[in-house]
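Q: no sequence for this one, just the structure:
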């Protein structure tokens, strides 16, 4: 049983109201009822408070809120919401105990409290540290190491010689350690370059569903601590993703590229290979990053949508942009000549 | 044994020719032989009929077709082709019976005629309605419900508390109910927001291979009835996809976005978060949708390809577009001044 | 034990130095030690040789290299590196023997030396030719055929009636033979078109992780010999990928499109359906290919990134490009009129 007092302690906020109020759910401002906790993180939603029925509300200390129900004042209600969300998470453990159908190599090492789901396959010399939880239908290759308390969801494949940090979450269907896309061309035929590096993933990394993170060609691919990766992201061989960087859905990073720490990359952005981007940068969705970015900043690319018939016209005009530029240059020259002309004309008149 | 008569009854068309002709395959106009049924859906392929050897042809009633073989006249030959295609589909059932190696929680409920493939894992309190068919290596989380006659292909993972409608197909490798990409930032560190909502999928939805559809943060992610989703599509938390909308391959929809019903989205298009698009809209491939689209229509973005050396020049010019604009403005002012000038000149002359 | 002599024989190069030197690792120029072989493929890295400690170096015959250690002179050091890489690959076999937990249909045919990992499911009438290696948690549908020495990594799903060539590698999580995205629309509802074609994959094809390759609607989808496909690539029904073509990560090819042989496609590029591209073409990353490309060449699209505030201005200008064009046209006309004007003015003066 969770009370308003429990929540105020958890978030370190100032409770105004009944400390014994029982809270059984986390809800949006619109859907909340008396047994719910909700939050106001952005003052633009303030008007929703008039009709809000939440029994308990997380509100910012720096805002003067008149709310009929109980409140907890906190510096950052969105952060407080994150803390409270875990309390009301209905997710069951992804595995309980070690399932009899799991196939675990005799040479694998299992720490204390390791959980392994049905039909999961653990290769030779794998090390699972204390509290690791592998869901069903996971496959781990030889010598791979998984850090303490890391959770791996169903259907994940990790190849051999990959090291994953502590408290990571790797969502369903993701592949880590697949071969980098490396070939030498010989008279039109591609010769495979064996990918003998590994992948090293830091602590507190979360990776979404159906991502693909390749192993290095010679040295390792590196995902540093605190990185958060959304679904369907592609990370090529020998990439480094700096600490605490966030990559949104369907981002692609080409080989040997180094993304700075604390960077935010919008969905479907693509990065060329062998480039380096400055830390704390922001790339908006569908960014096309073809070269290194030496200065931190916010970057964008693309045309945005237009009604298709206007767009077709615009594209045609874009293709003539060089010609248009030269026409403007021509006009400028003509006007310059004209500006010189009157004098000559005057002279003519003077004749 | 399927005859021309059977096919004419199935498609509700008018048969001209031998009703007892045995048809054993569906074929293209070019490859068809006497035992095949083929179709003419677009009059631009009309010339192929001269050499077509199909024993039976689906043709549009509104077109005067002179074909040497037998025909069935229908209003919409492409729709008739869709109906006939199912008859000649060689796909075997994705599972038969309940395989002994499947791991089914004792608390799961299995309807009549449920089929479950090898090594599939069904979590506690899962409900599989009548006629559900789970292929091999599928994983279903706790309390998930699958509607009547839905087919789930190999390697699919569905997390806990997801509801899938009737007659859906979910293709191999797809993940439904993974955690939405939600974090609160605290001094550069990301704090996870537990994703406590679910996913609700309507009836007659088809989802392609290796998609990722996240569960909601607080409320549910929603895919409405009749939606068709191609491969490798990313749908973030709390998205709503309106009924009968089609999303082509590699489309990405960011969090809380609401795509109207009967929309068609071309491949690799991306939608920003927290936006809403009008129903019955069309977005061509690689559309970059950064804001709400209040009016139905056809939208596009992007530059299209050009020879790389022309493209480099164009991009350079685009980067100077603002400067070019200002130069044209300058020219306009100069000419305006000139237009005013002659009067002054005349005055001069008048002096 | 591998010696410098062994390596010189493998790569067919000219050894200068101690043939009995034992080499135990392949390394980068920066990390190499005395027991390592490294390579110089690009003369721009030449300066690294000053501090390089590699015991053995692969260098190009056409470059005059002064290196303190031993060298092997070869025509193409990058190709030689590819050959040597296989020797030092630590990857263990993806399966050894046929695991007792594998579910193999009695009607399947297994060639000599076939290896099958734990929990893998092999459907009825599947044919696995000699030396095929299936990792754990793979699912193969009915009648599918896998050519000699092909390796399939964990979690791959191949549907029924797919043919894969010899010496292919299919990485984890990839799906082959899922249904093409084909529907006939009837008054706003989508009617499924059964996808009765298959997929045919040539010899020496490598496919990355979490790709999706659809089966054909009527005829087959085709991936020709020597094609290399990176991660998360989407290939729609009835596509043909010509021999020795390379597709980088997250590329998408729409239905019935035919990509020429020896083509190189950069990451996240998208191709419209029913088009054909000339062989030996290059498309840079994020190319947007909306029509056929009859001439071989190098093609690009997109705007590249800019600081977001400059980009917003540019996009606004782009949307007015047609107006700008018309304004320039207007200016040109005005100046043309002016050019004609002086004569008239002179006439005026002559009056």
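A: All right, it came through fine. These numbers come from a predicted model, not from an experiment. Residues are numbered from 1 along each chain as shown, chains lettered A, B, ... in the order given.
Q: where's residue A:265 relative to residue C:14, distance?
A: Per C-beta to C-beta, to the nearest Å, residue A:265 is found 47 Å from residue C:14. (Glycine included, C-beta is placed from N, CA and C.)
Q: Equivalent analysis for residue A:132, please.
A: Applying C-beta to C-beta, the value for residue A:132 to residue C:14 is 51 Å.
Q: residues in contact with the nearest residue to residue A:15 once chain neighbours are set aside?
A: Distance criterion C-beta to C-beta, 6 or more residues apart in numbering or on different chains; nearest residue to residue A:15, sequence neighbours excluded, is residue A:8 at 3.9 Å. Shown in contact with residue A:8 (C-beta atoms under 8 Å, 6 or more residues apart in numbering or on different chains): A:14, A:15, A:19, A:72.
Q: Who has more neighbours out of residue A:265 and residue C:14?
A: residue A:265 (28 against 12; other C-beta atoms under 10 Å in any protein chain shown).
Q: Count the neighbours of the one residue in the stretch 201-350 of chain A that gets nearest to chain C for me.
A: Here the stretch 201-350 of chain A gets closest to chain C at one residue, residue A:212, 3.7 Å apart by C-beta to the nearest C-beta. For residue A:212, the count of nearby residues is 31 (other C-beta under 10 Å).
Q: How about the one 3 residues further on?
A: Residues lying near residue A:215 (other C-beta under 10 Å) number 23.
Q: returning to what we had before: if the residue of the stretch 201-350 of chain A closest to chain C is in a bridge, with which residues?
A: Residue A:212 has the following beta-bridge partners by DSSP bridges: residue A:175, residue A:234.
Q: Verify the contact between it and residue C:229 for me.
A: No: using C-beta atoms under 8 Å, residue A:212 makes no contact with residue C:229, being 11.8 Å away.
Q: now the helices for chain A?
A: Secondary structure of chain A by DSSP state H: the helices cover A:4-11, A:77-87, A:308-319, A:321-350.
Q: Low-confidence ranges, chain A, go.
A: Where chain A drops to pLDDT under 70, the residues are A:341-351.
Q: Swap in 80 and give it another go.
A: By pLDDT under 80, the weakly predicted segments of chain A are A:338-351.
Q: Next, name the residue at the spatial heart of it.
A: Of all residues in chain A, the one closest to the mean position by C-alpha atoms, centre = their mean is residue A:247, 2.9 Å from it.
Q: Look up the closest residue to residue A:285, ignoring the ones flanking it.
A: residue A:266 (3.5 Å).
Q: Next one: that neighbour from residue B:180, what distance?
A: The value you get for residue A:266 to residue B:180, if C-beta to C-beta is used, is 16 Å.
Q: So the two - more neighbours on which side?
A: Legend: neighbour count by other C-beta under 10 Å for residue A:266 and residue B:180, higher for residue B:180 (27 against 24).
Q: which residues does the more buried one contact?
A: Residue B:180 makes contacts with B:193, B:195, B:197, B:214, B:215, B:216, B:217, B:221, B:236, B:237, B:238, B:255, as judged by C-beta under 8 Å, 6+ apart.
Q: try 7 Å this time
A: B:195, B:214, B:215, B:216, B:217, B:236, B:237, B:255 (C-beta atoms under 7 Å, 6 or more residues apart in numbering or on different chains).
Q: Quick check: strands, which of these are part of them?
A: Among the contacts of residue B:180, the ones falling in strands (DSSP state E) are residue B:214.
Q: between the contacts of residue B:180, which is closest to residue B:41?
A: Among those, residue B:236 lies closest to residue B:41 (C-beta to C-beta), at 36.1 Å.
Q: any idea how far residue B:269 is from the closest residue to the closest one other than its chain neighbours?
A: Leaving aside its chain neighbours, residue B:236 sits nearest to residue B:255 (4.2 Å; criterion: C-beta to C-beta, 6+ apart). Remark: distance between residue B:255 and residue B:269 (C-beta to C-beta) = 16 Å.
Q: and residue A:1, what does it touch?
A: Listed by C-beta under 7 Å, 6+ apart, the contact partners of residue A:1 are residue A:22.
Q: ok, it to chain C distance?
A: Shown here: residue A:1 relative to chain C, a distance of 42 Å by C-beta to the nearest C-beta, to the nearest Å.
Q: How about residue A:21?
A: 45 Å.
Q: How many residues are close by that residue?
A: The burial count assigned to residue A:21 is 19, neighbours taken as other C-beta under 10 Å.
Q: what does residue A:296 give?
A: Neighbours around residue A:296, by other C-beta under 10 Å: 15.
Q: So it sits against residue A:279, correct?
A: Yes: the pair residue A:296 / residue A:279 is scored as a contact, 6.2 Å apart, by C-beta atoms under 7 Å.
Q: Give me the distance between residue A:102 and residue A:134.
A: For residue A:102, the distance to residue A:134 equals 8 Å [C-beta to C-beta].
Q: the more surrounded of the two?
A: More crowded of residue A:102 and residue A:134, by other C-beta under 10 Å: residue A:134, with 32 against 23.
Q: show me what contacts that one?
A: Counting by C-beta under 7 Å, 6+ apart, the residues that residue A:134 touches are A:95, A:115, A:116, A:117, A:120, A:152.
Q: wait, what's in contact with the last one?
A: Pointing back at residue A:152 there. A:134, A:135, A:138, A:170.
Q: bridging residues for it?
A: Bridge pairing for residue A:152 - DSSP bridges - gives residue A:134, residue A:170.
Q: and the residue lying closest to residue A:89 once chain neighbours are set aside, how many neighbours?
A: Spatial nearest neighbour of residue A:89, chain neighbours left out: residue B:194 (3.8 Å); criterion: C-beta to C-beta, 6+ apart. Using other C-beta under 10 Å, residue B:194 has 22 neighbouring residues.
Q: need the residues of the stretch 51-200 of chain A near chain C, please.
A: With the criterion set to C-beta under 7 Å from any C-beta of the partner chain, the stretch 51-200 of chain A comes near chain C through A:103, A:119, A:121, A:137, A:139, A:142, A:155, A:157, A:160-161, A:173, A:175, A:178-179, A:181, A:183-184, A:186, A:188-194, A:196.
Q: cutoff 8 Å now
A: Contact residues, the stretch 51-200 of chain A versus chain C (C-beta under 8 Å from any C-beta of the partner chain): A:101, A:103, A:119, A:121, A:123-124, A:137, A:139, A:141-142, A:155, A:157, A:159-161, A:173-175, A:178-179, A:181-186, A:188-196.
Q: Can you tell me which of those residues are buried?
A: A:101, A:103, A:119, A:121, A:123, A:137, A:139, A:141-142, A:155, A:157, A:159-161, A:173-175, A:178-179, A:181-185, A:190-196 (16 or more other C-beta atoms under 10 Å in any protein chain shown).
Q: Next, show the common contact partners of residue A:212 and residue C:229.
A: Applying C-beta under 8 Å, 6+ apart, one finds that residue A:212 and residue C:229 are jointly contacted by residue C:208.
Q: Check the offset of stretch A:185-195 from the chain's centre.
A: 33 Å (C-alpha atoms, centre = their mean, to the nearest Å).
Q: Kindly report the same for stretch A:264-277.
A: Stretch A:264-277 sits 12 Å away from the centroid of its parent chain (C-alpha atoms, centre = their mean).
Q: Likewise for stretch A:109-126?
A: With C-alpha atoms, centre = their mean, you get 28 Å for stretch A:109-126.
Q: gap between the closest residue to residue A:141 other than its chain neighbours and chain B?
A: Leaving out its chain neighbours, the residue that sits closest to residue A:141 by C-beta to C-beta, 6+ apart is residue A:160, at 3.6 Å. Distance of residue A:160 to chain B, computed by C-beta to the nearest C-beta: 21 Å.
Q: Ok, residue A:264 next?
A: Taking C-beta to the nearest C-beta, one finds residue A:264 at 9 Å from chain B.
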